[in-house]
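Colleague: Fold the following for me, if possible:
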Amino acid sequence: MRKRKRLLWQIFPPMVVVTIAAVIGTTFYASKIFRQFYFDQTTADLKIRANLVAGQVHQDFVAANYQLLGERCRIISKQVEARITLVKAGGDVVADSNEEPVRMDNHSDRQEIGEALAGKFGTSVRYSRTLGKNMLYVALPLYESKDHSSQGGAILGTVRLSLPLVSINSVLQRIFWENFLGAFVLLLLAAVITLLVSRKISRPLEEMGRVAKRYSELDFDTKIIFDPKDTVSKEVAGLAETINGMALELGDHIDTVTKQKNELEAFFKSMVEGVIVVDTEERLVRANNTVLQLFRLSAGQLSGRSITEVFRDADLSRFVRETLSGQQHIEQDLVFQQIDGERHFHASGTTLHDGTGQKTGALVVLNDITKTKKLENMRREFVANVSHELKTPITSVKGFVETLLDGAIEEPEDAKPFLEIIQRQANRLNAIVDDLLSLSRIEQEKDHELISLQEEALRPVLETCIESCGMNASEKGIDLKLDCDPQIKIPMNQLLLEQAVCNLLINAIKYSFENSNVFINVFQLAQEISISVVDEGCGISPEHLPRLFERFYRSDKARSRKLGGTGLGLAIVKHIVQAHGGKVKVKSEPGKGSTFSILLPINKASAETS
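Modeller: Now for the predicted structure:
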């Protein structure tokens, strides 16, 4: 791009050039006119002198007193300050103020002589071989009559006066240089005035340009204020006022637009839904932070790239294409395969249009419904598990009741085992219902903050749990060992914590081998107390660990039912621990036993806040 010049240098140089051209042209034209005028004046002056000389030499010329004429010409020549030459009608020179006539050529061929012999006023400019100079010649005819200027008689000869052009040129040259000096001074004066005028014009415009640049940098507080020394034209002042007013309004508009933009940007970034904007060519225009986080992308990966290239998902590309090709709002559930598993999204798409109604792209909103899908699956599994857990004892009870009704009740020896089975199944149903009610009660009390926590010593609670589970342990020859500092105190609900630890102890006893050990170890961490129940049983496979605390989830369904579990014990433990503001963890390997850890906060405020 060509570098732009300042207004001053766009105005000043052309004006100076025009001034120079005008002054030089005027000077040369005036010199030419003056030269011609001076030449004409000199010629007229020579004519007057020639008339005077003719009057003085006429009588002697008529009398042919040539010797006296020569002397007279030299005398008169000094008076008129011009060379005098007298020529007869035949062209012979009879007298000359500067040369001897005998040495001079016949002058009949001279232009001025010829014109004078023809009765006219003769003039010419030419080089004189006699004097070796350029000369101005003026010649007048001499008549025979006493009045030499009369045209009544015959022409006897001519009187010629001449001046060297050197003297004329020297005068003209002196005049020319005087004119040139005057023109140069005038030119300098014009240049200074032009510079001042140019600065006067450009300075306000430069000031407006400087302020306009500040406006381009969104600094609308600066106003166009001219220096009092500057005489600003009405038009420029009006333009400045208009720009100041425009800046004020523009600043207000930009503040409003910026505020709205920031609000929209904050809203756009804070949306939990993923928002994607594409143009009509399916190229990404924008995406909010949620999209970047969900798909592990960076902002630099999006700009100008196609939707297929960025997300590499055929379903999403097809959905965007359908959105762009249609005119109505469309919705669809999409599934993305990611490193951490499947993610489910509910996609909503609509087209975007500009102010003229022209389609400019599409807006796609992705709502992450992965958790909802998982909850739905868990609900279905929960319903299926509850149904299965209840169906088994109910079916057993129903079958034995029907057997008794068919006649087995009449035989006491056969009826008693059936009734014992019915009792066990009824107890199992009662245990399931009790656990469900207990779990529901814990959740409600937690939601309504009805669970009160009191800071108490932990060891007595754990000793109570060992006593409660001691009979179950002794049946399998299992030794329960406790390692807990009596000084440890934590905020707790004693009954609920006993229930949670007892559930873990019962599970550890159920799944431990006979004549093994179950340890209860308590450690004090920085901000937490860790209660670990460690068994030496069969252990749990890694794929079951993430779902172990779900309701009715069993890692070994056949064995769990055989051991009489309801499938709700660990779920109850999790909710009790959460009600205390803590968390529960499990670590296990097949054949190496399991470790269930309850982590509870030491500070009561932290527990209640959590």
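
Colleague: ok but V364 is inside a strand, no?
Modeller: Yes. Counting by DSSP: H, G, I helix; E, B strand; the rest coil, V364 is part of a strand.

Colleague: how about the nearest residue to it, chain neighbours excluded?
Modeller: I276 (4.4 Å; CB to CB, 6 or more residues apart in numbering). Where C-beta positions appear, they are placed from N, C-alpha and C, glycine not excepted.

Colleague: before we move on, which element is the one you found in?
Modeller: Applying DSSP states H and E as the criterion places I276 in strand 274-279.

Colleague: For that strand, list the C-alpha coordinates in CSV.
Modeller: Taking C-alpha atoms only, strand 274-279 is exported to CSV below (Å, rounded to 0.1, in the frame of the first residue of the first chain):
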residue,chain,number,x,y,z
GLY,A,274,-22.8,-27.2,25.0
VAL,A,275,-23.5,-24.6,22.3
ILE,A,276,-22.0,-24.9,18.7
VAL,A,277,-22.4,-22.3,15.9
VAL,A,278,-21.6,-23.3,12.3
ASP,A,279,-21.8,-21.4,9.1
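
Colleague: Show me what it packs onto, helices and strands only.
Modeller: Where contact means 3 or more CB pairs under 8 Å, 6 or more residues apart in numbering; DSSP states H and E, strand 274-279 is packed against strand 284-287, helix 289-294, helix 314-325, strand 359-368.

Colleague: For G122, find the nearest of these.
Modeller: Shortest distance between G122 and the helices and strands packed on strand 274-279, using CB to CB, is found for strand 359-368: 95.5 Å.

Colleague: quick one: contacts of that closest one?
Modeller: Contacts of strand 359-368 from elsewhere in the structure, counted by CB atoms under 8 Å, 6 or more residues apart in numbering, are 272-280, 285, 290-291, 294, 316, 319-320, 323-324, 334, 343-354.

Colleague: circling back to that earlier point, tell me the angle the strand holding I276 makes with strand 359-368.
Modeller: Counting by axes from the mean of the first three to the mean of the last three CA atoms, to 10 degrees, strand 274-279 lies at 160 degrees to strand 359-368.

Colleague: List the buried residues of strand 274-279.
Modeller: Neighbour-count burial for strand 274-279, counted by 16 or more other CB atoms under 10 Å, picks out 274-278.

Colleague: Please find the angle between the direction vectors of that strand and helix 314-325.
Modeller: Following the same axes, to 10 degrees, one obtains 50 degrees for the angle between strand 274-279 and helix 314-325.

Colleague: And the average pLDDT for strand 274-279 is what?
Modeller: Throughout strand 274-279, pLDDT has a mean value of 82.

Colleague: Outside of it itself, list whatever touches it.
Modeller: Strand 274-279 is touched from outside by 268, 284-288, 290-291, 294, 307, 320, 324, 345, 352, 360-368, with contacts defined as CB under 8 Å, 6+ apart.

Colleague: Doesn't V192 lie inside a helix?
Modeller: Yes. Membership of V192 in a helix is supported by three-state DSSP.

Colleague: ok now do it, which residues does it touch?
Modeller: V192 touches nothing, counting by CB under 8 Å, 6+ apart.

Colleague: Report the separation between the nearest residue to G122 once chain neighbours are set aside and T158.
Modeller: Leaving aside its chain neighbours, G122 sits nearest to E115 (3.1 Å; criterion: CB to CB, 6+ apart). Between E115 and T158 the distance is 9 Å, computed by CB to CB, to the nearest Å.
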